[in-house]
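[1] structure for the following, please:
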Amino acid sequence: MSASRQVVGDLDTRPALQHPAMLAGPVRATLARLSESDAARCAVAAIDPDFADTAALCERYGVAPESSANCVVVTGRRSGEQRWAACVVLATTRADVNGVVRRRLDVRKASFASQDEAVAATGMEYGGITPLGLPEGWPLLLDPTVAAAGELVIGSGLRRSKLVVPGGLLAGLPGAEVLDGLGR
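    Here you go, the predicted structure:
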């Protein structure tokens, strides 16, 4: 294996920007806007799309759940205005949607976006939604454990691949906010 490759679990990773076909359009565009050094810290791995969901991925590819993060799309309304956010928590936790997220969005009730809503709003495949490439203006809510993580396996915007990125890189994305208690 060459020095430029990384392996997380049994994932065979490669530099993400060198494999644009393995990334959804919004993800490719976001990676291309990162500094050269940040982009170089992002890797991509091909996976069987039948194992894109976190539990299946971790079991099939030997990825520790604490090294995997989930990105969920949440929405709520206030005064007729629909508000959106993406929440990223470790796979070992769940996002506190009706506590921390509801208060952050300042809505009466927050809920997970439907599959159709999430796909239409993000331009990504369900099961591959990722914090890279989200619509402009969306808050990106991160649990502190995500921001502090070394390398994390996250979606690539497609079900057929996964990204491996440092948690600190996610914390530096536009709109990113680290919220205590987000992951429970």
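
[2] hey, let's count contacts and neighbours off CA atoms from now on
    Noted.

[3] where along the protein do the helices fall?
    With DSSP state H as the criterion, the chain has helices at 25-33, 36-40, 54-61, 102-105, 115-122, 144-147, 167-171.

[4] tell me which of those is the most buried.
    Each of those was assessed for mean neighbour count using mean count of other C-alpha atoms under 10 Å. The highest is helix 144-147, with a mean of 22.

[5] give the contact list for the residue most central in space within the chain.
    Closest residue to the average C-alpha location of the chain: Thr130 at 3.0 Å, with C-alpha atoms, centre = their mean. Counting by C-alpha atoms under 8 Å, 6 or more residues apart in numbering, Thr130 makes contact with Val27, Asn70, Cys71, Ile154, Gly155, Ser156, Gly157.

[6] helices and strands of the protein: which one has the lowest mean pLDDT?
    The element with the least model confidence among the helices and strands of the chain, by mean pLDDT, DSSP states H and E, is strand 6-8, at a mean of 58.

[7] so who does the spatially closest residue to Glu151 that is not a sequence neighbour touch?
    In space, and not counting its chain neighbours, Glu151 is closest to Pro166: 4.3 Å by C-alpha to C-alpha, 6 or more residues apart in numbering. Shown in contact with Pro166 (C-alpha under 8 Å, 6+ apart): Arg41, Cys42, Ala149, Gly150, Glu151, Leu152.

[8] distance of Pro166 from Ala147?
    8 Å (C-alpha to C-alpha, to the nearest Å).

[9] again, but for Thr75
    Following C-alpha to C-alpha, the distance that separates Thr75 from Ala147 is 22 Å.

[10] do Ile154 as well
    Counting by C-alpha to C-alpha - Ile154 and Ala147 are separated by 13 Å.

[11] same check, this time on Ser114
    Taking C-alpha to C-alpha as the measure, Ser114 and Ala147 are separated by 26 Å.

[12] same thing with Ala64?
    Taking C-alpha to C-alpha as the measure, Ala64 falls 17 Å from Ala147.

[13] list of residues touching stretch 112-120?
    Outside of stretch 112-120, the residues within contact range by C-alpha under 8 Å, 6+ apart are Val72, Val73, Val74, Thr75, Val97, Glu125, Tyr126.

[14] what count of nearby residues applies to the spatially closest residue to Cys87 that is not a sequence neighbour?
    If the residues on either side of it in the chain are set aside, Cys87 comes closest to Leu141, at 4.7 Å by C-alpha to C-alpha, 6+ apart. Applying other C-alpha atoms under 10 Å, we find 28 other residues in the vicinity of Leu141.
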